[in-house]
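Visitor: Fold the stuff below for me.
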Amino acid sequence: MTKPFVFVVEDDRKLSEIITITLQEDFKLEICMDGDDALKRIREISPDIIVLDLHLPGTSGADLLAYIRADERLAKTRVILATADERQAEMLTDEADIILLKPVSPSQLKDMVLRMSPS
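Guide: So this is what the prediction gives:
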């Protein structure tokens, strides 16, 4: 069975490492730490789930989310916003599938990703 593909867009290096350690056993992972690079990459891939930070260098997480939701190819992609910005997260509740406010525990993140994974 193929592992679900999770694309993680997070600019905090330590948090990216924690996410990798947490999810690598159960998922195919790709990590991107820059909004501009993530936008280029998202045009080429079709992940099952995207874990998305809002505050990124380059293209913002909010702009990435808008692009994802406008792209028919990504219609089935689930998006988990992981952010410390509660106000901006509230403005995006209709666009994201789940919002996790940082700090996010690794077990909480893994549980959410597992729940959202395609069967």
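
Visitor: For the residue nearest the centre of the chain, which three-state class applies?
Guide: In the chain, the C-alpha nearest the mean C-alpha coordinate belongs to V51, at 1.4 Å (CA atoms, centre = their mean). Secondary structure assignment for V51 (DSSP: H, G, I helix; E, B strand; the rest coil): strand.

Visitor: M116 reaches V79, doesn't it?
Guide: No - taking CB atoms under 8 Å as the definition, M116 is not a contact partner of V79, at 9.2 Å. C-betas here are computed from N, CA, C, even on glycine.

Visitor: Of all the helices and strands in this structure, which has the lowest average confidence?
Guide: Counting by mean pLDDT, DSSP states H and E, the chain has its least confident helix or strand at helix 86-91, which shows a mean of 82.

Visitor: Mind listing residues that contact that helix?
Guide: L54, A62, L81, T83, A96, I99, L101 (CB atoms under 8 Å, 6 or more residues apart in numbering).

Visitor: The helix or strand following it packs against which elements?
Guide: Remark: after helix 86-91, the chain's next helix or strand is strand 98-101, criterion DSSP states H and E. Counting contacts by 3 or more CB pairs under 8 Å, 6 or more residues apart in numbering; DSSP states H and E, strand 98-101 packs against strand 78-83, helix 86-91, helix 106-116.

Visitor: Can you say which helix or strand has V8 in it?
Guide: Here V8 is assigned to strand 5-9, by DSSP H and E.

Visitor: May I have the strands that pair with that strand, each with its orientation?
Guide: Using DSSP bridges, strand 5-9 pairs in its sheet with strand 28-32 (parallel), strand 49-52 (parallel).
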